[in-house]
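Peer 1: fold the following, please.
(chains A and B)
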Amino acid sequence: MSELAKTYEPGAVEAKWYDYWLQHGCFTADPSRVSAQRPAYSIVIPPPNVTGVLTLGHVLNNTIQDILSRRARMQGKEVLWLPGTDHAGIATQNVVEKTLRKEGAMKHRDDLGREALVAKIWEWKEKYGGIIIQQLKKLGASCDWSRERFTMDPEYSKCVSRVFVDLYKKGLIYRGKRMVNWCPASLTALSDEEVEMKPQNGFMYHFKVEVAEAPGTWLTIATTRPETIPGDTAVAVNPKDPRYTHLIGKHVKRPLPVQIPDEQKLIPIVGDDHVDFEFGTGVLKVTPAHDKADFEIGLRHKLPVVDVMNPDGTMNALAGESLVGLDRFEARKVAAEKLRELEVLEKEEPYQNNVGFSERAGVPIEPRLSEQWFLKYPSVAEAKACVADGKMKFFPERWAKVYDHWLEGIQDWCISRQLWWGHRIPVWYRGDEIHCDITAPEGDGWKQDSDVLDTWFSSWLWPFATMGWPEKTDTLAKFYPTTDLVTGPDIIFFWVARMIMAGYEWMGDLPFKNVYFTGIIRDKQGRKMSKSLGNSPDPLDLIAKYGADALRFGVMRSAPLGADILFDEKNVELGRNFCTKLWNATRFRQMQGGASEGEIRPDLLTSDDRWILARLSDAIGDVSTSLDEYRFSDATSTLYRFFWNEFCDWYLEACKAVFFHSGDEARKANTLAVIDFVLAHTLRIFHPFLPFITEEIWNSLGFNSDLPANQGGDTIMTAPWPKAFGAEELAYFGLDEVADRFANAKYEVVNLGRGLRRDFNIASSKRVRFVLRPNGELAPHDIEVLRILLNAEPLDVLADYAAPKGTPVALTPLGELLLPLEGLIDVTAERERLAKELAKVEQELAKVRAKLADPNFAGKVPAKVLDEHRQRETDWAEKHAQLTKMREALGAA
RNA sequence: GCGGCGUUAGCUCAGUGGUAGAGCGGCGCUUUUACACAGCGUUGGUCGGGGGUUCGAAUCCCUCACGCCGCACCA
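Peer 2: Okay, here's the model as predicted:
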């Protein structure tokens, strides 16, 4: 047993133990150790962006995974927590391109060329790609780092090609020219999931067009996007709309682009059910190249597709002289201006509509016709069924509905991206020939598809591609399906749903059994963490300031299942304070001297010992249940309450009676044994939450000393997870309701005595005489505990004590507790105090009597409830009688 | 528009039919020999509004309001 430093220094301790765990291979998973007695437990990390840095979201997510992993190890399971990173196509390429432009290394990616740019990104990845991994280590993450994976590792990349080819051959992947979500900033197509609808304030422009066949007849069209008029190839009305039916088949003169007057392009009026005649004017301009719905109308009516925009969102030559080269938003203003000049703009009113934004680049997307690769989702039925039938469980459960709803209406997934960083599509072209395979075709003249795949098209394979698939590895055999997945609900569609499909498609089984969805971390005002708001603290700063354990504890304490987390640094401070408390309680133990005295002797147990052992058993049970149900904040609260309020505030204080005043060496030794027993168990249930400080104390106090190496001897990591006491242990220690009730009664006496002090303004530090008129037997130990906790000097236990008139009295479960105030008795004050208490009792008594008097109540209520109420009445009535007697003894005012 | 979640003490949240709770904060006292990152005490709520079921509702049902989150989306 080494002496503990005066204050806990997390920095040095954390580094020391993390190195120790690594050196001793504590995080390494070995499939050959898996057996019926040693079941497997596995988690794959949601791979963070390789160029990312740790955020509070990561802290939350990974602390939960670490808690689950560490507990599973203590439960004797073979644990694999598989870490790694994601190549994050768009984000990473953007970051690197931006840097290169800043450095002047290039203006546009074409200046460098594909090969050189990809090489630069790899360089960047080698240089900065490890940062987040190092940060996770600081947090204490017990990942098996020997298995760290990256989605662009050669082996992993092969898996990606393999599944592409497989799906292609199954006919689920196809290439087609379709409307996609185009990001004009990143210059790539996006999937539907990467588009976020946001309300935008704009204008609704009403302009009129003349019917060519009926000069003087004008139709008014409402649009938010006048800049796309040059791309209009029809005007549509609802065929059932009596206002316009007669015009179908005729043509209108399209006002833009402005050409020689009277020679404006004529476009047909078509009838289409899609047009809502309630909305706007009931006349819709149809721009097949720039709107998904319009494209469909175009197909139905065989309309030409006129694309008036460049990929970067600027207008092209087809938009006409006045718009060409302008950015789409600038062009909108100019187009409106042109309409005004032409005197066809009828009105322009403020209007709010929903516009799709590119999630990454933050700019409005453009619906755009382009040639892309699409995937018809595989194994959808299985993916749906496994959650619906409960084979896979979601926590909180309500996400199952969201998941189900999404699966109900999914469209094919656009998987090609016009980027260079990522997995290149394994398809080669030569003339009309097409070759799709894992390897390039033989022969000359083949050209590989230039696009890469959506990053999620690689990460959906994560649970098995990281374990050696397609080989039938031992790791896969033992650790797949994984046990738990911990992730944010924001990627339920991007990642979770797709992993489930992939699991069924290639492994024939679900990828994980339970999915825990974390909340979203917000600041204390409820706003999302964001860089621009600057409300996102750096977890590394918090670790430096408070310690990793404190950060973990603080975050877990405020993360209830199913709710968002309002982050407040106060919680981390609380975590630090808790660690300090743990540290100081341990120091107290150490100062009482002696190594662990070994076995507890039940015959020497005090009422306090029995009480704390019972509380410990409850805490173990509660924490275990909470963890089984993924209620981490409940587990944390239990730990906090048990250790601080029960162990420190009551038990350790009560122990002082033994250590400082009993002179009973055998009992002192036994008390030490109880403290050690409780501490040793407490450290174990704390360990998943507070890995560092528990390891430090475990070793410093020598709790490891007589344990086998693999059961807590080398490290607390392998100490068995404790169980709540069974009937046998409860009997052995003599823990029952009677014992609990007595200890609680004792503490109630203390509370009431302290209340008397307050009422008579006696400082808690001032030693005063208390007298107890007991209503039963009290052991010397219990009297001493009462004395210490009341800070009484002396505490006289006198059955026949005759108190001076006006002496303050508290009615306690163990008898009347009196506070004799020599020379200070204030009869009036005591009378007032009694009156106040009496009033309260009368109120309660009236309440319960009213209930009992109600014939409906007595007649209909279950016997048990009725008894409870009768007992309540008896108790209050008794108290009432005593108080009345006491007041009478004081005499009239 | 459809669906989900939420609304309990100043704040964060427990509490799913039977005496409204915890932590933090606030306030007061205390530098009592583990701990002032502490101890002790204390303050504090018509449980979002309304209606219903029931002997009894924070809890079950209906309804409204407000907030948040998905999904869809009409130019």
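
Peer 1: might one say that residue A:614 is in contact with residue A:739?
Peer 2: Yes. Counting by Cβ atoms under 8 Å, residue A:739 is a contact partner of residue A:614 at 7.3 Å. Any C-beta I mention is one placed from the backbone N, CA and C, and that applies to glycine too.

Peer 1: what residues does the stretch 451-600 of chain A put near RNA strand B?
Peer 2: Proximity of the stretch 451-600 of chain A to RNA strand B is confined to A:489-490, A:493, A:524, A:526, A:528, A:558, A:560, A:562-566, A:570, A:574, A:576-577, A:579-581, A:584-585, A:587-588, A:591 under the rule Cβ under 7 Å from any atom of the strand.

Peer 1: which ones among these map onto helices?
Peer 2: Among these, DSSP state H puts A:570, A:574, A:576-577, A:579-581, A:584-585, A:587-588, A:591 in helices.

Peer 1: the stretch 451-600 of chain A: strands as residue ranges?
Peer 2: Here the stretch 451-600 of chain A has its strands, by DSSP state E, counting those that start in this stretch, at A:452-453, A:482-487, A:512-517, A:521-523, A:565-567.

Peer 1: I'd like those as TSV, with mean neighbour count and mean pLDDT appended.
Peer 2: Converted to TSV, those look like this (neighbours: other Cβ atoms under 10 Å; pLDDT from 0 to 100):
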stretch	mean neighbour count	mean pLDDT
strand A:452-453	24	96
strand A:482-487	23	95
strand A:512-517	21	94
strand A:521-523	19	81
strand A:565-567	21	83
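
Peer 1: a markdown table for the ones you listed, including distance to residue A:414?
Peer 2: Formatted as a markdown table, the strands of the stretch 451-600 of chain A follow (distance: least, Cβ to Cβ, whole Å):
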| stretch | distance to residue A:414 |
| --- | --- |
| strand A:452-453 | 11 |
| strand A:482-487 | 23 |
| strand A:512-517 | 25 |
| strand A:521-523 | 30 |
| strand A:565-567 | 33 |
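
Peer 1: quickly find the element holding the closest residue to residue A:552 other than its chain neighbours.
Peer 2: Leaving out its chain neighbours, the residue that sits closest to residue A:552 by Cβ to Cβ, 6 or more residues apart in numbering is residue A:63, at 4.7 Å. Using DSSP states H and E, residue A:63 maps to helix A:56-74.

Peer 1: now swap in residue A:638 and tell me
Peer 2: In this assignment (DSSP H and E), residue A:638 forms part of helix A:632-640.

Peer 1: longest strand in chain A, by residue count?
Peer 2: Using DSSP state E to define each element, chain A has its longest strand at strand A:195-210.

Peer 1: after that strand, heading C-terminal, what element do we hit next?
Peer 2: Next in line after strand A:195-210, if elements are assigned by DSSP H and E, sits strand A:218-223.

Peer 1: just give me the neighbour total for residue A:242.
Peer 2: Residue A:242 has 8 neighbouring residues, counting by other Cβ atoms under 10 Å.

Peer 1: now it: how far from residue A:727?
Peer 2: Using Cβ to Cβ, to the nearest Å, residue A:242 is found at 84 Å from residue A:727.

Peer 1: repeat for residue A:167
Peer 2: Counting by Cβ to Cβ, the gap between residue A:167 and residue A:727 amounts to 57 Å.

Peer 1: low-confidence ranges, chain A, go.
Peer 2: A:1-6, A:260-263, A:531-532, A:595-597, A:823-825, A:892-893 (pLDDT under 70).

Peer 1: which phi and psi does the residue most central in space within it have?
Peer 2: Nearest to the geometric centre of chain A sits residue A:518, at 2.2 Å (Cα atoms, centre = their mean). As for residue A:518, its main-chain torsions (degrees, to the nearest 10) stand at phi -80, psi 170.

Peer 1: which residue does the stretch 101-250 of chain A have closest to RNA strand B?
Peer 2: The nearest approach of the stretch 101-250 of chain A to RNA strand B comes at residue A:197, 2.9 Å away (Cβ to the nearest atom of the strand).

Peer 1: residues in contact with that residue?
Peer 2: A:354-357 (Cβ atoms under 8 Å, 6 or more residues apart in numbering).

Peer 1: out of those residues, name the ones that lie in strands.
Peer 2: Counting by DSSP E, the contacts of residue A:197 place A:354-357 in strands.

Peer 1: filter those residues by proximity to RNA strand B?
Peer 2: For RNA strand B, the contacts drawn from the ones in strands among the contacts of residue A:197 by Cβ under 7 Å from any atom of the strand are residue A:354.

Peer 1: ok, of the ones in strands among the contacts of residue A:197, which come out buried?
Peer 2: A:355-357 (16 or more other Cβ atoms under 10 Å).

Peer 1: residue A:167 and residue A:727 - which one has more neighbours?
Peer 2: Remark: of residue A:167 and residue A:727, residue A:167 carries more neighbours, 20 against 7, as counted by other Cβ under 10 Å.

Peer 1: helix, strand, or coil at the more buried one?
Peer 2: For residue A:167, the assignment made with DSSP: H, G, I helix; E, B strand; the rest coil gives helix.
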